Every structure is written in C-alpha cells, then in structure tokens.
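*Asks:* Could you work out the structure for the sequence below:
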Amino acid sequence: MSELGIGLLYGGATLVAMFSGMPIAFALGAVAVAFMLGFMPVSSLDTITQNVYEEMASITLLSIPLFILKGAAIGKSRAGQDLYLALHAWMRRIPGGLGIANVFACGLFAAMAGSSPATCSAIGSAGIPEMRQRGYSPGFAAGIIAAGGTLGILLPPSITMILYAVAAEQSLGRLFLAGIVPALLLVGLFSCYAAWRYRREYVCAQVALARDGTPSPFPSEPPATMREKLALLPRVLPFVTLLIGVMAALYGGYATPSETAGLGGLLALGLIAVIYRMWNPRQLAPILTGTLRESTMLMFIIGMSLLYSYVMSYLHISQSAAQWIVGLHLSRWVLLTAILLMVVVLGFFLPPVSIILMTAPIILPPLRAAGFDLVWFGVVMTIVMELGLIHPPVGLNIFVIKNTAPDIALRDIVWGVMPFVVLMVLAVVLICALPGLSLWLPDRLMG
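*Replies:* Sure, this is the predicted structure:
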C-alpha cells in the first residue's frame, strides 16, 4: 500500500477510535499498536515499552505533575474566592469593575494554577453569582469567566507550553516568557469589552426605567473603604508572592523548570497550611489524589501520543505529509492560515495536549522551512487552541461553566463567549502582524 493510502487509513482509524467514545489515550495506543501489527515488523512490538520510556524520559516532562500539584493545592483552597473578593473591592468604583476584576482574577489564578478548567471552576463559583446579583446578564457573566479561564494554558506555568517545548525542541523558558505579553494583551482586550458591555447594559436598563418604570437590575452600592481593601490583602499577597518567587527562581537562573515546579508545589502546600489551616491528612487527601489522578491520565495520554507519533514517523506518514505541504508552494502566510484553521477544527474535538503531540511532526517542518520562529508559533498556536476551549461543539470551558452555574442556559453561555472568540482572533492577527509582541520579552531577557 502507498504512503498516501497508509496515511489516510491511519487518520481514518484514529477518527473512528476517537468518536467511538474510547478514552483518548486508549484510542491513540490502540491505533498505533494495530498499525504496528499490520505494517511494521512483528519484532517492533517488543520495543513498545522501550520507545515509550525513551520518549518520556525527559526532565522537562517531570515538571508536569509538580505543576499539577501546585495547581491542585491552590484550586482546592479558598484562594480563588479570596483573590476575587480582593480584586472586586479594589475595582468596585470602575464602571464594569466587577467584570474586569473577574478577568484579572482569572488571569492571576491561571498563572498560579496553570489549568483552564480549574480557573473557570474556582473563579466562576464566586464570580458568576456576584455578577448576576449586580445586574450582569447571565450570558455576559458566563462569557467573562469562560474566556478568562482560557488564560490558563497561555500564562506560565502552562502544561500546554511544556508539551509544545518538548515536541518542538524549543526552550521552555523562552516559551513561558513569550506567552506573557500576549496574555496581558488578551486580559486588556477582555477587560475593555467587559467595561463596554457593562456600560451598554447599564444604559439600556436606565432607558427602560425612564420609559416604562422597569426596575434596574443594577443595584447601587457604596465603594469599599480603604480599611476593607487593606483587610483583604493579607490573604492575596502570599499567593502573588508565590507566583513572583517561582518566576524569579526560573528566570533568575536559580532553578531549572522541574526544580521550579517542585518549589512551587511545596510552597503552595505550605501556604494553604498556614493561611487556610489545611494540614491534616483528610484535608490534603483530595489534593494528593487529584494530583495523582490528573497526572496519571495526562502522562498516559502523552505516552500513547508519543507512540502514535513514532508509528507515524516510522511509516513515513508525517514526513510525506510535510513534504506534500511544502510541495504545494504556498506563501508563508497562506501556509500559516491553513495550519491554524486545521488547529481550530481539531480544537472542537480534541484537547490541546493531543493536538500538539499529534500534529507537531507534520506541521513544524513546513513552518520551519517557511522561516517562522517556532517559539512565536507556539504562542499563536496556544491562543488558537484556546478557541477550542470556548467554541462549540465541544468547548470544555463552556461545560465547566454549565456545571458551575447550571441555571444558565447553554445557549446563553455559547452566545456569551462568542464576542471573546472574536477578540482572541483579533489578538492572533495582532501577534502575526507584530511578532515582537511575543518575542520582545524572551529576546530581551534571554537573548
């Protein structure tokens, strides 16, 4: 059978396995083993464990369960609610300040936890009810949290970027730095939209009140006193200090990414023990078991994805696909657009982890040949994969919000996130037009 036929059969078998409802790790592993039996020497089966081990024997991957531990410690405590309450108190006087506070809370919590679903759940459980009590429409409130949660895979420590660094053989430190300015750009865009949308809903409510006496859903509340603001800071500053300290250890050259992850995990456990008195085994059990469960699941997906990519490479599927793409002689921007559209479509059905590990062998060689900086592309690809987290038909963050606020109709949540999808597309366009937005910081700090 020709390489084209094998490649089409490989892709078709993968889709059938995925849509059968089989877990992603089992689906990828089953397809890989089946094609090893059918198209590779029988002796290759003896090397499965060796190949998986060699691919996963990366010191960079060690940081994943440690960062998950750090995120679990933060996510299982009241850190998210305390962070949200402090930001709300300090930004209450700003029009739309509650929505902006939720965006900032999502950004800061994502930087500490490194998980989009965890951010949506932690901030949304407190933020959505508060916004709705203060007049925000259900879809608007849900959209702010769902979109803010996507910052979890862009801000360091991002597990998605760790995997991309391994797949693309790029510096993890440069990738982390490259994601900071685009993340701040998204925070700014989301905040501006939140302020504009709040003002628009507020004006509509005032017009309805003047026209027919419809009560305004926006209550008037006094601004927080300085005493109230200062009283909330002690519960927030330790976690912000944790974030700054971990980043300083990494970029100051004091620790490797894996050592930084271990330091962050231990410090997070120490902080929740001191601040929230979470130190007995019963309280720590959900944190440790959750870390083990998520780490095992994720590492199993990584291992099977790497085996899947190995079989793809052995059968020359990835090389042939890359050569075919290069042979089309597309202009570099048409090539980039086509690849990003493919990533968007894959994001409707697959998590970012699978997208990176499955597509990297195919898309990175043509992009490298076209002269694109792979660190820059990693940031662009990450933002595009974020679209999949809030875009139907799957949209993981959409269903997390639905679980957090079950009384909000799914239709309202979907329509609430669509403006943020547009803003994320705008951010991608800006980063493509101005590559320095992502490369300035790593070039300045790391050369």
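*Asks:* What are the boundaries of the helices in the stretch 1-150 of the chain?
*Replies:* With DSSP state H, counting those that start in this stretch as the criterion, the stretch 1-150 of the chain has helices at 3-19, 24-39, 48-56, 63-75, 79-91, 97-113, 116-133, 138-149.
*Asks:* of these, which approaches residue 292 most closely?
*Replies:* Among the helices of the stretch 1-150 of the chain, helix 63-75 comes nearest to residue 292, with 8.2 Å by CB to CB. Every C-beta, even on glycine, is put in place using the N, C-alpha and C of the backbone.
*Asks:* by contact count, what packs against that closest one?
*Replies:* Secondary-structure packing of helix 63-75 (3 or more CB pairs under 8 Å, 6 or more residues apart in numbering; DSSP states H and E): helix 97-113, helix 116-133, helix 159-168, helix 257-275, helix 281-314.
*Asks:* quick one, that helix and helix 257-275 angle?
*Replies:* 20 degrees (axes from the mean of the first three to the mean of the last three CA atoms, to 10 degrees).
*Asks:* tell me the mean pLDDT over helix 63-75?
*Replies:* What helix 63-75 shows for mean pLDDT is 78.
*Asks:* how about residue 170, what does it touch?
*Replies:* Residues in contact with residue 170 (CB atoms under 8 Å, 6 or more residues apart in numbering) are 164, 374-375, 378.
*Asks:* okay if I get the helices and strands packed on helix 63-75 as a markdown table plus mean pLDDT, mean neighbour count and distance to residue 48?
*Replies:* Conversion of the helices and strands packed on helix 63-75 to a markdown table gives the following (pLDDT from 0 to 100; neighbours: other CB atoms under 10 Å; distance: least, CB to CB, whole Å):
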| stretch | mean pLDDT | mean neighbour count | distance to residue 48 |
| --- | --- | --- | --- |
| helix 97-113 | 80 | 27 | 34 |
| helix 116-133 | 78 | 24 | 31 |
| helix 159-168 | 83 | 24 | 20 |
| helix 257-275 | 82 | 20 | 26 |
| helix 281-314 | 81 | 18 | 7 |
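*Asks:* picking up where we left off before, closest to residue 323 out of the helices of the stretch 1-150 of the chain?
*Replies:* When those are compared (using CB to CB), the closest one is helix 3-19, at 9.8 Å.
*Asks:* If you count neighbours, what's buried in that closest one?
*Replies:* Across helix 3-19, burial judged by 16 or more other CB atoms under 10 Å covers 6-7, 9-10, 13-14, 17-18.
*Asks:* what does stretch 228-239 give?
*Replies:* By neighbour count on 16+ other CB under 10 Å, the buried set for stretch 228-239 is 232, 235-236, 238-239.
*Asks:* Which secondary structure elements does the helix or strand harbouring residue 445 sit against?
*Replies:* Per DSSP states H and E: residue 445 is located in helix 436-446. Helices and strands touching helix 436-446, as assessed by 3+ CB pairs under 8 Å, 6+ apart, comprise helix 172-212, helix 374-390, helix 410-433.
*Asks:* Name the stretch among those that sits most buried.
*Replies:* Compared across the helices and strands packed on helix 436-446, helix 374-390 shows the largest average neighbour count, a mean of 24 (mean count of other CB atoms under 10 Å).
*Asks:* coming back round to it: could you pick out the one among the buried residues of helix 3-19 with the lowest pLDDT?
*Replies:* Out of the buried residues of helix 3-19, that is residue 18, at 74.
*Asks:* contacting residues around the closest residue to that one other than its chain neighbours?
*Replies:* Nearest non-adjacent residue to residue 18, counting by CB to CB, 6 or more residues apart in numbering: residue 27, 5.3 Å away. For residue 27, the contact set (CB under 8 Å, 6+ apart) comprises 14, 17-18, 20.
*Asks:* how about a markdown table for those, with distance to residue 445 added?
*Replies:* Listed next are those as a markdown table, based on distance: CB to CB, whole Å:
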| residue | distance to residue 445 |
| --- | --- |
| 14 | 40 |
| 17 | 43 |
| 18 | 40 |
| 20 | 46 |
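*Asks:* isn't residue 201 right up against residue 140?
*Replies:* Yes: counting by CB atoms under 8 Å, residue 201 does reach residue 140; the two are 7.0 Å apart.
*Asks:* if we can go back for a sec, the helices of the stretch 1-150 of the chain: which one's closest to residue 157?
*Replies:* Proximity to residue 157 (CB to CB) singles out helix 63-75 among the helices of the stretch 1-150 of the chain, at 4.5 Å.
*Asks:* Before I go, just wanted to say thanks for your time.
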